[in-house]
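Q: Model the following, please.
(one chain, ligands or ions: 3)
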Amino acid sequence: MSSKPEGQLSASPDGGQRATSRWRVIGVVILLASPLLWLSVDDSVQVFARDNVNGSVHTVLEVCEVVIASMIFALGWHSVNRKMPRNIIILSGAFLAIALLDLCQLLTLPIGPIASRSGTQAELIYFGIASRAVGAAALLTVAFLPHTKFISARLRYVAFILPVSIVILAAWIALYRTDILTFTLADQSLPLPVLTGIQYAVVAGCSAAALVMLRRGWAHKDQKVGYLVIAATAMALSEAFFLQFSPANDLPGLAGHIYELVAYGCVYYWLFLQVVRAPYERLHRSERFRLRQLTHDTMTGLPKRSLIVQKLRHAIAQTGRSNTKLAIFFLDIDFFKKVNATFGHSVGDQVIRLFVVRMASALSSDDTLARQEGDEFIILQSKIPHRHQAALLAESLLHRLREPFHIQGHEIFLSASIGITMFPEDDTTEHGLLHKAHMAMNSVKKDARNSYRFHTRDMENSLRERALIESSLRQALANNELLLHYQPKVDFRTGTIVGVEALLRWHHPVLGQVPPSRFIPIAEENGCISAIGMWVLKEACAQMLSWQIQGLPRLRISVNLSARQFQQAGLAALVSDVLKETGLDPALLELEITESTVMHDTEAAISALASLKKLGVMLSIDDFGTGYSSLSYLKRFPIDVLKIDRSFVSDVTHDFNDAAITKAIIALAHGLDLSVLAEGVETLEQALFLKANGCNEMQGFYFSEPVMPQKLADMVRSMPMPSMQNRAT
Ligand code: C2E
Ligand code: MG
Ligand code: MG
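A: Numbering: from 1, shown residues only. Ligands and ions are numbered 1, 2, ... in the order given. Predicted coordinates for the structure are as follows:
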């Protein structure tokens with residue numbers, strides 16, 4: 001899998017690499033020191049005539065020193081922003097002084113414009129030693145001062161003025177107050193003890209700086225400080241070489257300059273890392289982090305939809321060239337809202353994370369998992385030879401997700417719905433493939449859940465039809481396309497019609513008859529149900545009144561209430577208004593609410609049922625047995641009738657379980673002092689079974705299908721109805 005959950009992504013920082021770099025620094029230090037040791041133990045290299053080294057080599061080395069020292073100053077100076085690390089400004093200022101002192105030294109070389117007038121090279125040594133003393137002091141200061149201190153950028157002017165002033169003073173002394181320079185190289189002998197003392201101090205200072213910085217780098221895990229350690233070591237060694245210098249042997253002098261250059265180079269590189277590379281890398285990292293946030297989900301670390309679209313485009317191009325297929329999965333957790341509502345969002349988040357880990361474990365390295373949003377995920381399964389592989393992956397995913405999730409002491413059971421599209425069969429564009437996978441997922445959600453389905457053409461047709469229903473439903477009422485059919489309810493004892501259920505019918509101008517099971521859920525989703533529901537209520541009540549006027553006996557008229565209608569505030573007042581408006585006796589009105597609706601929010605349902613009951617209407621629980629009834633609540637509902645769902649009745653004479661359930665519901669209803677009606681009775685056997693087991697009423701095609709009002713009136717008029725036995729024959 002190319003994208004793993006956040007927890008699996010983080011790599012531990014490599015401590016081993018740091019240790020290696022420390023030993024590398026020590027190795028370099030030893031390597032640098034070895035020529036000095038060699039020089040001091042091997043007599044054969046002690047004698048090296050001055051003439052052996054061309055004077056211009058010295059000049060070139062010194063020029064290089066001036067150039068690098070100037071670059072160090074310039075780099076530090078220009079890196080200034082509002083605040084800057086103190087050590088940088090110290091080094092930068094010191095190297096300005098070093099550059100100027102080295103320049104003075106360069107100018108006083110025997111071939112220089114201000115070559116020593118005395119011929120003693122006192123100025124030459126004076127500027128050289130001053131430059132190295134400044135370097136040693138700066139490195140020592142940097143080694144001992146805390147690295148993290150910042151100073152105001154304005155203070156950099158001090159770092160400019162101070163070194164320039166010092167150098168001007170030094171130059172003035174060298175040029176005009178030679179009398180102060182007491183350490184002349186008289187008679188070409190060794191320098192005075194004070195000079196040697198300064199040189200030893202430089203060696204000691206630089207060595208101490210190297211040691212302190214090495215320790216500090218070690219303690220603070222600062223790899224970059226290694227360059228300063230090498231710089232300080234090279235500086236100490238350079239001075240040690242200068243200590244061995246004699247007019248008869250120029251090799252140590254040459255080595256001293258080379259080491260000085262090494263030191264300057266290291267300081268330059270260290271500074272470059274601090275002021276150029278490090279900020280650039282920080283910027284680069286923050287940019288990468290920002291980009292990652294744009295393309296990746298923070299909670300799971302998975303790519304977001306935008307990235308998956310890109311990857312899909314790429315995968316389409318690749319798959320197009322090969323002989324393989326590409327499967328796109330759209331996965332949605334079933335009833336995830338309930339997890340959040342029941343256990344809270346923190347548990348919900350953990351569920352998502354664990355869910356992702358489980359999905360990832362089912363994927364191969366060629367597959368990509370992404371988070372679309374919330375509880376929706378997208379999977380790209382690439383390089384598969386056959387769609388069968390996609391089916392296997394879907395099964396494996398569903399299997400893993402069915403295992404319970406143990407979070408914060410809760411055991412949570414989940415399932416998912418998966419829609420799959422195949423490239424190139426279903427579509428050739430990334431958006432088309434994703435859209436169709438989503439469509440397939442929705443189709444799973446609509447009926448099965450906890451399973452997967454490949455995209456088919458039918459899905460598109462049904463979606464198109466749904467879109468048409470949705471758009472024309474709003475005009476259905478105004479266009480008089482709705483009407484009611486009535487299905488009789490028959491009393492088992494008397495065999496007579498005791499009530500009728502109003503069932504909505506819609507004749508669509510293009511689609512023809514659209515069954516309520518198709519358009520009522522859509523009306524619920526788009527809110528049309530309130531207006532349609534009120535129309536049904538008014539129409540049914542008016543019809544019952546009209547039948548009474550026509551002289552029909554008093555019958556119960558049942559009207560179905562959808563979940564949304566039932567949950568709507570002020571429903572009782574609306575029903576009461578309709579009753580008043582039509583003048584129907586409330587006792588003749590029966591409202592049917594499905595079991596799943598009343599069990600959704602039981603406390604609210606109890607109060608809604610109670611306020612309806614106060615109007616004097618009858619209440620029945622429709623489709624009983626299909627939802628998850630809590631019996632303790634059932635006894636608290638102020639209801640009159642339980643309607644056994646058709647699914648039990650249809651097999652009641654063949655299926656032992658359905659028979660047992662039906663008997664149990666009848667017993668339960670009677671135990672709660674409720675009347676019980678069996679829906680969907682289609683055969684005499686079913687009717688006889690129900691009657692024998694004490695069912696009070698029946699409704700179904702066996703007696704009559706839902707019919708037009710006139711037909712129903714005729715049926716009622718022709719009562720008493722023929723006996724059931726007669727009808728069957
Ligand atoms: P329901 O309230 O359970 O209505 C009974 C359904 O079973 C009706 O389907 C009816 O025609 C059908 N039926 C009755 N006897 C038999 C039988 O012997 N065999 C079979 N196979 N079916 C039988 P219909 O009219 O298609 O309505 C389906 C559902 O749509 C209703 O189920 C109800 O939930 C809903 N519905 C219908 N009209 C309305 C309405 O005005 N408002 C609301 N909110 N829902 C309605
Ligand atoms: Mg009903
Ligand atoms: Mg029903």
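
Q: Right, and ligand 2 sits closest to which residue of the stretch 301-450 of the chain?
A: residue 447 (20.4 Å; CB to the ion). All C-beta spots, glycine's among them, are computed from the backbone N, C-alpha and C.

Q: how near is that residue to ligand 1?
A: To ligand 1, residue 447 is 15 Å away according to CB to the nearest ligand atom, to the nearest Å.

Q: can you give me phi and psi for that residue?
A: phi -120, psi -50 (degrees, to the nearest 10).

Q: and if you look at the one 4 residues further on?
A: As for residue 451, its main-chain torsions (degrees, to the nearest 10) stand at phi -160, psi -180.

Q: For stretch 464-471, buried residues please.
A: Buried residues in stretch 464-471, defined by neighbour count with 16 or more other CB atoms under 10 Å: 466, 469.

Q: actually stretch 391-405, sorry about that
A: Neighbour counts over stretch 391-405 (16+ other CB under 10 Å) mark 393-394, 397-398, 400-401, 405 as buried.

Q: Tell me who's in contact with residue 132.
A: 202, 235, 238-239, 242, 260 (CB atoms under 8 Å, 6 or more residues apart in numbering).

Q: For it, pull up the helix or strand it's in.
A: helix 122-144 (DSSP states H and E).

Q: and the strand ranked longest in the chain, anywhere near ligand 2?
A: Criterion DSSP state E: the longest strand present in the chain is strand 497-508. No. Remark: strand 497-508 sits outside contact range of ligand 2, by CB under 5 Å from the ion, the gap being at least 5.5 Å.

Q: Flag every buried residue along that strand.
A: Across strand 497-508, burial judged by 16+ other CB under 10 Å covers 497-504, 506, 508.

Q: Pairing partners for that strand, with directions?
A: strand 482-491 (antiparallel), strand 512-514 (antiparallel), strand 556-561 (parallel) (DSSP bridges).

Q: ok, back up a step: so what pLDDT did the residue of the stretch 301-450 of the chain closest to ligand 2 get?
A: Residue 447 is assigned a predicted lDDT (pLDDT) of 76.

Q: same check, this time on residue 103
A: We note a pLDDT of 89 for residue 103 in this prediction.

Q: My guess is it contacts residue 66. True?
A: Yes. At 5.1 Å, residue 103 counts as touching residue 66 under the criterion of CB atoms under 8 Å.

Q: picking that back up, can you list contacts of the longest strand of the chain?
A: Counting by CB under 8 Å, 6+ apart, 469, 472, 476, 481-491, 513-514, 516, 519-520, 532, 536, 539-540, 543, 555-560, 590, 592, 697, 699, 706, 712, 715-716, 719, 721 sit against strand 497-508.

Q: Next: stretch 332-351.
A: Under the contact criterion CB under 8 Å, 6+ apart, stretch 332-351 has outside partners 299, 355, 374-377, 401, 405, 407-408, 410, 412, 414-418, 441, 445, 449-450.

Q: which residues does residue 384 bridge with?
A: Beta-bridge partners recorded for residue 384 (DSSP bridges): residue 325.

Q: Near it, how many other residues are there?
A: Counted with other CB atoms under 10 Å, the neighbours of residue 384 add up to 20.

Q: For residue 396, see how far away it is.
A: From residue 384 across to residue 396, the span is 13 Å (CB to CB, to the nearest Å).

Q: would you list the contacts of residue 132 in CSV and tack on distance to ligand 1?
A: Formatted as CSV, the contacts of residue 132 follow (distance: CB to the nearest ligand atom, whole Å):
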residue, distance to ligand 1
202, 97
235, 91
238, 96
239, 98
242, 102
260, 94
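
Q: Among the residues you listed, find the lowest-pLDDT one for me.
A: residue 242 (83).

Q: secondary structure element for the closest residue to it other than its chain neighbours?
A: Nearest residue to residue 242, sequence neighbours excluded (CB to CB, 6 or more residues apart in numbering): residue 256, at 4.3 Å. Using DSSP H and E, residue 256 sits within helix 251-272.

Q: follow-up on the earlier one: please list only the buried members of the contacts of stretch 332-351.
A: Using 16+ other CB under 10 Å as the burial test, these include 355, 375-377, 401, 405, 407, 412, 414, 416-418, 441 as buried.

Q: just curious, which of those residues is nearest to ligand 3?
A: The nearest member of the buried ones among the contacts of stretch 332-351 to ligand 3, counting by CB to the ion, is residue 417 at 25.5 Å.

Q: Now that closest one: phi and psi?
A: Residue torsions, per degrees, to the nearest 10, at residue 417 are phi -110, psi 130.

Q: ok, residue 630 - contacts?
A: Per CB under 8 Å, 6+ apart, neighbours of residue 630: 599, 602.

Q: and the residue in the stretch 601-729 of the chain that ligand 2 sits nearest to, which of the three is it?
A: Residue of the stretch 601-729 of the chain nearest ligand 2, by CB to the ion: residue 622 (4.3 Å). Three-state call for residue 622 (DSSP: H, G, I helix; E, B strand; the rest coil): strand.
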